[in-house]
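Engineer: What would the 3D arrangement of this be:
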Amino acid sequence: MKKLVLLGAFALFGGVTHAQEGFKLGGHIGIPVSDAGDVSSFTLGIDGAYMWNIVKGLDLGVATGYSHFFGKDRFDDFGFIPVAVAGKYKFSGAPVFVGLDLGYGISVKDGVDGGFYAQPKFGYQMSTGELYLGYQTISNKRDLGPARYSWNVGAVNLGYNFFLK
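Structural biologist: This next block holds a predicted model:
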């Protein structure tokens, strides 16, 4: 966790010196996988980020949003708010990029714990936005003395983010 905080501080302070910044806002739809696939049928969410251009092709910033998992059968809906450091690398001469968000997923449902959040992405960048395919995961492992448990809420998402200038 300390490394994440240091990376976030680097992104914030390193990016300020370049004065190239921007918001992106969008949404995603996904298919739940892992433990989430057993209890939910699909997911919808919103994405938001503020990115700074650190060097040519590399953006770092902060990201958040909300992912809502729709329960199936007798299971209730649940959701998470990610708080993450975001990175994005756009390949030179090509409109494609890879990205990674790392942080913590805060649960909005009582009785469901939050956990480590990660979302690798691959996408296509246009002048007004980006289309991406990502794998969102929130995992939690607990050691409660002799009892241990772990779970992984995941989703394969298709999303689009608009660049706001």
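Engineer: Can you list the residue ranges for strands in the chain?
Structural biologist: 21-34, 40-55, 58-71, 78-90, 96-107, 115-125, 129-144, 147-164 (DSSP state E).
Engineer: for the first one, which positions count as buried?
Structural biologist: Across strand 21-34, burial judged by 16 or more other Cβ atoms under 10 Å covers 24, 26-28, 30, 32-33. Where you see a C-beta, it was placed from the backbone N, CA and C, and this is true even at glycine.
Engineer: quick one, what contacts Thr128?
Structural biologist: Going by Cβ atoms under 8 Å, 6 or more residues apart in numbering, Thr128 touches 162-163.
Engineer: make that Leu44, sorry
Structural biologist: Leu44 is in contact with 27-30, 67-68, 70, counting by Cβ under 8 Å, 6+ apart.
Engineer: low pLDDT regions in the chain?
Structural biologist: Within the chain, the stretches with pLDDT under 70 are 1-20, 142-149.
Engineer: now do 90
Structural biologist: 1-21, 34-35, 73, 93, 110-113, 140-152, 165 (pLDDT under 90).
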